[in-house]
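> Got a predicted model here, sequence first, then my questions.
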Amino acid sequence: MNRETYIKIRKLIRDHLPKNTTTFVFSGLPIRKSADADYPFHANRNFVYATGIEEPGAVLVFDPKGDILFLRDVDESQEKWVGHYMRKEEAQDICGIKDVRYFEDFDKYLNKVLESNNRIGLDMDHNTYQEQVYGSAIGMADYVGIQRVTDVTEIFVRSRMVKFPEEVDAIKHAIKVTHESILAMLEEMKPDANENDMAARFHYEGAKQSGDQMFETIVASGMNGTVLHYIKNDEPLNDGELVLLDLGIRVNHYGADISQTYPINGTFTPRQRDIYNVVLECFEAVKAAARPGVSIIDLNELSKEKLAQGLKTLGLLERSEDIGRYYYHSVGHSLGLDTHDVWSDRAMPLEPGHVITDEPGLYIAEEGIGIRIETDLLITEDGCEDLAPFIIRDADGIEALLKEIHNT
Ligand SMILES: [Mn+2]
């Protein structure tokens, strides 16, 4: 996103911040993996939301006089080991904050703030695992005294739930890359190949377009498809079984969350097709119902009804209230900078600008069948927009697509 968007986002946050408060938002510090190695750094999403910057050890300050960004002090010898440290000019260019300083000036600045009567605003809902003073909200609250602190997390949550058009564009781009990567990985889908052939190809295609995994990729064939978050992805693809994909590429901080289910040999069995169609009908019903005023709980109740109805027709279920045997998650969640993005309440009515997933599924363990279909919906004034309309989901269309991909 461009710097004007980040300026807009910070203005929105600032408009909701309490008066006479100086608010600090930490990017966070890397987490130690083992010995002298850290996990790849992943900044506090509220910090990224307001800056577009993924640098560790940075602090965004909403000073009553204007925004200030502190970057970690440049360490040229460390740069030879771990790579580039962001400079002032680069940060200014990305986020549009003019007053960028290095951390060596932070103490002096903080002392000035503490001498004033201002309260301290902190985004408390993150980095609780970090103990370093100045590295985290917790450390800072300890340092300045908790009685002087106002938690501003809710302001970020409320703001992040409703997406700016530029954020929707970023999600759409991630979905496009995800779609292209799925088409490529289908070339690897054939009996006796392995789940990891497909997963590796998906990651390769995403990386070629500067993407990484929004969450751990799920390539779950046969019985594995009945485990909601199966991520081992190392079993053979068996002839006659289905493979359930739940995956998303993230590009420029925003990612997709898409699920598709395919017959490994290219053709659904009649039984698989019947169950698949129950899920697809539910998926379409949720899409038709998603609009302002409806809640995620409402959509989930609709899903349970639809799925139960379908399974009764197939003779798999007698009583609707037993649907929990075959459907045991919720039909959707908010999507944005996080896969399960911030959300205040599942009973809250949807509003234009929300982005949620539509992902019903059925998991028939006794038959080794797991099916999930998922897209990402933008709630509009009078309904919703499917952000992945180009993905083929009907059973005939899927079989035709697989024929084309495998030249059969
Ligand atoms: Mn999802």
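Cool, got the structure. Everything quoted here is computed from the prediction, not taken from an experiment. Numbering: from 1, shown residues only.
> Would you state the helices of the stretch 151-300 of the chain in chain order?
153-161, 165-185, 195-208, 270-289, 296-313 (DSSP state H, counting those that start in this stretch).
> give me the number of residues near the residue of the stretch 201-350 of the chain found nearest the ion?
Residue nearest to the ion within the stretch 201-350 of the chain (C-beta to the ion): residue 257, separated by 4.1 Å. Using the backbone N, CA and C atoms, a C-beta is placed for each residue, glycine as well. Counted by other C-beta atoms under 10 Å, the residues lying close to residue 257 total 28.
> Repeat that for residue 77.
6.
> For the residue in the stretch 51-200 of the chain that the ion sits nearest to, which residues are in contact?
Of all residues in the stretch 51-200 of the chain, the one sitting closest to the ion is residue 178 (12.2 Å; C-beta to the ion). Residue 178 makes contact with 206, 211, 247, 248, 249, 256, 258, 388 under the criterion C-beta atoms under 8 Å, 6 or more residues apart in numbering.
> In contact with the spatially closest residue to the second one that is not a sequence neighbour, which residues?
Leaving aside its sequence neighbours, residue 211 sits nearest to residue 249 (C-beta to C-beta, 6 or more residues apart in numbering; 3.8 Å). With C-beta under 8 Å, 6+ apart as the criterion, the residues that contact residue 249 are 174, 177, 178, 181, 206, 209, 211, 212, 213, 214, 255, 256.
> Could you identify the buried members of those residues?
174, 177, 178, 181, 206, 211, 213, 214, 255, 256 (16 or more other C-beta atoms under 10 Å).
> Hmm, the last one is touching residue 213, no?
Looking back up the chat, that one is residue 256. No. Residue 256 lies out of contact with residue 213 (C-beta atoms under 8 Å); the separation is 10.5 Å.
> what touches both of the two?
248, 249, 250.
> Restricted to strands, list those residues.
Those of these mapping onto strands are 249, 250, per DSSP state E.
> Among the shared contacts of residue 256 and residue 213, which one lies nearest to residue 330?
residue 248 (17.5 Å; C-beta to C-beta).
> what about that closest one, neighbour count?
27.
> isn't it right up against residue 256?
Yes. Checked against C-beta under 8 Å, the pair residue 248 and residue 256 is within contact range at 3.9 Å.
> what is in contact with those two at once?
Shared contacts of residue 248 and residue 256, counting by C-beta under 8 Å, 6+ apart, come down to 174, 178, 214.
> Redo the contacts of residue 249 as a markdown table? Include pLDDT and distance to residue 1.
Below are the contacts of residue 249 laid out as a markdown table (pLDDT from 0 to 100; distance: C-beta to C-beta, whole Å):
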| residue | pLDDT | distance to residue 1 |
| --- | --- | --- |
| 174 | 98 | 12 |
| 177 | 98 | 16 |
| 178 | 98 | 18 |
| 181 | 98 | 22 |
| 206 | 98 | 19 |
| 209 | 97 | 17 |
| 211 | 97 | 16 |
| 212 | 97 | 18 |
| 213 | 97 | 21 |
| 214 | 97 | 17 |
| 255 | 98 | 14 |
| 256 | 98 | 16 |
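> nearest residue to the residue in the stretch 1-150 of the chain positioned nearest to the ion other than its sequence neighbours?
In the stretch 1-150 of the chain, the residue that lies nearest the ion is residue 45 (16.7 Å; C-beta to the ion). Distance criterion C-beta to C-beta, 6+ apart; nearest residue to residue 45, sequence neighbours excluded, is residue 337 at 4.3 Å.
> Next one: the residue of the stretch 51-200 of the chain closest to the ion from residue 312, what distance?
34 Å (C-beta to C-beta, to the nearest Å).
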